[in-house]
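Visitor: Fold the following, please.
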Amino acid sequence: MSDPDRLQEASDFLQCHPEVQSVDLLISDINGVLRGKRVPRDNVLGVLSSRMRLPASVFALDICGNTIEETGLGLESGDGDRPCLPIAGTLVTTPWARHANQAQMLMTMVEENGEPFACDPRQLLERVLSDFCRRGLSPVIAVELEFYLIDRERDNVGAPQPPRSPATGERASQSQLYSMIELDEYADFLESITLAARDQKLPIDTALKECAPGQFEVNLLHHRDVLRACDEAVMLKRLIKGVALQHGFEATFMAKPYSQEAGNGTHVHVSLLDAEGSNVFATPDGRELGSERLHRAIAGLVELMPASMAIFAPNLNSYRRFQPGLYVPMAPTWGYDNRSVALRIPSGSPGAKRIEHRVAGADVNPYLLVAAILAGIDHGLAGELAPPAPIVGNAYAQQAASLPTSWPQALDAWQESDVFLKAFGEAFHGVYHANRRAEYELSRQAISALEYRWYLRNT
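Guide: Predicted coordinates for the structure are as follows:
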């Protein structure tokens, strides 16, 4: 999309929405945190025409917004700015905003000469996607997001607690998976999500009650435009958080907010189309087992899964989620219509043959998650790899946990991966490792409430 086209899109939007008084120009950092600038209406076209600038160190920030100097993107490089370009189709109103006169637009960072900035997760996904599509194959993906609604008031030790039902006033205490009663109780909240998504042209498929108190899942429809699908996931997370506040709750995509309840995951469904639009994971005779390319894709994902964990589980809390028996994969397993495995091949029509990737937490950056999945599939196709046997029955009982379930283990596996070094590029590979390693080291300095309870008086 050219600069004149971007400006025309913005001009047309402002004409159609005279009520909009400011626009948030947003970029997704390595953690998936949206950062940017709020621009008054009268300045929007000027800012876009001159290209909004942000420091490259926005991709050196940890989850608390501190610059990690070890990335080399801070003072070492002079902490210089880069241009940011608007992403077509993402200029939309934000109907949940406290003042209903705001809009937002996603941005992506480039170099001064217009080349992609290597450390921008969206630009990285575009790089991986471009390499992938040289095979003559086009991915189709759908993203499913789990989240918790929590009370804005914490409990007596400062921990989160489930919300009170808008219908009964009672605090949720049961899992109630697929409960229609709880969907009815939170109908106003869910309807507001639907309406806001309609305003933002986000294709929501279904909403369901998940398997813990206050936990829900919202699914987006499958998309042939992979970048757009990830844009929509980023926008949906902001939308859900905003609508929750509007209704007196908070929404969290934290991987494990409660120690004894299920964590929040991000599941990605992926299939591949050839030049004629046929699904190459299916077979002409519709065999349930799927095609050879399906099996090669699975093999690549299995082989790269340990090194991918640094992406799938990007922070300290992410690893709390990996506990047996809570529908979280503990080993690089796969199977047909089996929710105990990491890579599930759902049942359904042969033309819809796909892989459901079930490993990542909801705290993941969607661009990086999908880039890692595509890199794994590409690895399997290029190497003509063969997968292990599919799991039938309970994977937890048949295969020992083998995925890295601690942050340093995952970061070591990432750093040692030549496949990701090549697929993601040396610049991003090094920056990501430095950023996450520094946050890990900072986390080690923190003393938890548990340590005070256990050791302060007893040692």
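
Visitor: From now on I want contacts and neighbour counts done on CA atoms only, so please keep to that.
Guide: Noted.

Visitor: Return the distance of R38 relative to W414.
Guide: Going from R38 to W414 by CA to CA, to the nearest Å gives 36 Å.

Visitor: repeat for A427
Guide: 14 Å.

Visitor: can you list the weak-confidence ranges in the chain?
Guide: Within the chain, the ranges that satisfy pLDDT under 70 run 1-2, 175-178, 286.

Visitor: At the geometric centre of it, which residue do we find?
Guide: Nearest residue to the geometric centre of the chain (CA atoms, centre = their mean): P366, 2.9 Å.

Visitor: which residues sit in contact with that residue?
Guide: Applying CA atoms under 8 Å, 6 or more residues apart in numbering, we find P366 in contact with G32, C230, A233, V234.

Visitor: related to what we said a few turns ago, give the residue from A427 and W414 that has the larger number of neighbours.
Guide: Higher neighbour count among A427 and W414: W414, with 25 against 14, using other CA atoms under 10 Å.

Visitor: Show the contacting residues for the more buried one.
Guide: Counting by CA under 8 Å, 6+ apart, W414 has contacts P306, A307, S308, M309, A310, F420, H433.

Visitor: mind putting these in TSV, distance to R453, neighbour count and secondary structure included?
Guide: Output for the contacts of W414, formatted as TSV (distance: CA to CA, whole Å; neighbours: other CA atoms under 10 Å; DSSP: H, G, I helix; E, B strand; the rest coil):
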residue	distance to R453	neighbour count	secondary structure
P306	34	23	helix
A307	35	24	helix
S308	35	29	helix
M309	31	26	helix
A310	31	28	helix
F420	42	21	helix
H433	33	18	helix
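
Visitor: for these, which one is nearest G393?
Guide: P306 (22.7 Å; CA to CA).

Visitor: residues contacting that closest one?
Guide: So P306 contacts P332, L403, P404, A410, A413, W414 (CA under 8 Å, 6+ apart).

Visitor: Then Q123?
Guide: T108, M109, P116, F117.

Visitor: and which of the contacts of P306 is nearest Q15?
Guide: W414 (47.6 Å).

Visitor: ok, and the closest one, which helix or strand is that part of?
Guide: helix 407-415 (DSSP states H and E).

Visitor: next one: R35
Guide: strand 34-40.

Visitor: What strands flank that strand, and is each parallel or antiparallel?
Guide: strand 22-28 (antiparallel) (DSSP bridges).

Visitor: Keeping just the C-alphas, turn the strand it pairs with into PDB.
Guide: C-alpha atoms of strand 22-28 as PDB (Å, rounded to 0.1, in the frame of the first residue of the first chain):
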ATOM      1  CA  SER A  22      -8.100  11.500  18.400                       C
ATOM      2  CA  VAL A  23      -6.400   8.400  17.000                       C
ATOM      3  CA  ASP A  24      -4.100   6.000  18.800                       C
ATOM      4  CA  LEU A  25      -1.200   4.900  16.500                       C
ATOM      5  CA  LEU A  26      -0.100   1.600  17.900                       C
ATOM      6  CA  ILE A  27       2.800  -0.800  17.400                       C
ATOM      7  CA  SER A  28       3.100  -4.300  19.000                       C
END
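
Visitor: hmm, who's touching stretch 130-145?
Guide: In contact with stretch 130-145 (CA under 8 Å, 6+ apart) are residues 217-226, 229-230, 233, 264-275, 362, 374-375, 378.

Visitor: what does stretch 86-94 give?
Guide: So stretch 86-94 is contacted by 1, 6, 9-10, 13, 20, 25, 48, 100-108, 196, 199-200, 231, 239 (CA under 8 Å, 6+ apart).

Visitor: same thing but at 6 Å, please
Guide: Contacts of stretch 86-94 with the rest of the structure, by CA atoms under 6 Å, 6 or more residues apart in numbering, involve Q102, A103, Q104, M105, L106, M107, Q200.

Visitor: Show me which positions of it end up buried.
Guide: P86, I87, A88, T90, L91, V92, T93, T94 (16 or more other CA atoms under 10 Å).

Visitor: same question, stretch 8-17
Guide: Buried residues in stretch 8-17 (16+ other CA under 10 Å): E9, A10, F13, L14.

Visitor: same question, stretch 401-419
Guide: Buried-residue list, stretch 401-419, by 16+ other CA under 10 Å: 401, 403-408, 410-415, 417.

Visitor: hey, where'd the helices end up in the stretch 201-350 of the chain?
Guide: 226-246, 292-312 (DSSP state H, counting those that start in this stretch).

Visitor: winner for burial among those?
Guide: helix 292-312 (a mean of 25; mean count of other CA atoms under 10 Å).

Visitor: Need the phi and psi values for the nearest residue to C84 once chain neighbours are set aside.
Guide: Once flanking residues are discounted, C84 sits nearest to M109: 4.3 Å by CA to CA, 6 or more residues apart in numbering. For M109, the backbone dihedrals (degrees, to the nearest 10) come out as phi -90, psi 140.

Visitor: can you count the residues close to M109?
Guide: 29.

Visitor: which ones are touching it?
Guide: M109 touches P83, C84, F117, counting by CA under 6 Å, 6+ apart.

Visitor: Only alpha carbons, please: show the one helix or strand the first one maps to as PDB.
Guide: So that's P83. If you go by DSSP H and E, P83 is part of strand 81-86. Output in PDB follows, covering the C-alpha atoms of strand 81-86 (Å, rounded to 0.1, in the frame of the first residue of the first chain):
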ATOM      1  CA  ASP A  81      14.100   6.700  15.700                       C
ATOM      2  CA  ARG A  82      12.700   4.800  12.800                       C
ATOM      3  CA  PRO A  83       9.700   5.600  10.600                       C
ATOM      4  CA  CYS A  84       6.400   3.700  11.300                       C
ATOM      5  CA  LEU A  85       3.900   3.000   8.500                       C
ATOM      6  CA  PRO A  86       0.200   2.500   9.000                       C
END
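
Visitor: Off-centre distance for it?
Guide: 22 Å (CA atoms, centre = their mean, to the nearest Å).

Visitor: coming back round to it: and the angle for the helix holding W414 with helix 292-312?
Guide: Following axes from the mean of the first three to the mean of the last three CA atoms, to 10 degrees, one obtains 130 degrees for the angle between helix 407-415 and helix 292-312.

Visitor: roughly how far out does helix 407-415 sit from the chain middle?
Guide: On CA atoms, centre = their mean, the centre of helix 407-415 falls 19 Å from the chain's centre.

Visitor: Any chance you could give me it in CSV, C-alpha atoms only?
Guide: Presented in CSV, the C-alpha positions along helix 407-415 are these (Å, rounded to 0.1, in the frame of the first residue of the first chain):
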residue,chain,number,x,y,z
TRP,A,407,12.5,-20.1,31.1
PRO,A,408,16.3,-20.5,31.1
GLN,A,409,16.0,-24.0,29.5
ALA,A,410,13.8,-22.5,26.7
LEU,A,411,16.1,-19.6,26.1
ASP,A,412,19.1,-21.9,25.8
ALA,A,413,17.2,-24.0,23.3
TRP,A,414,16.3,-20.9,21.3
GLN,A,415,19.9,-19.6,21.4
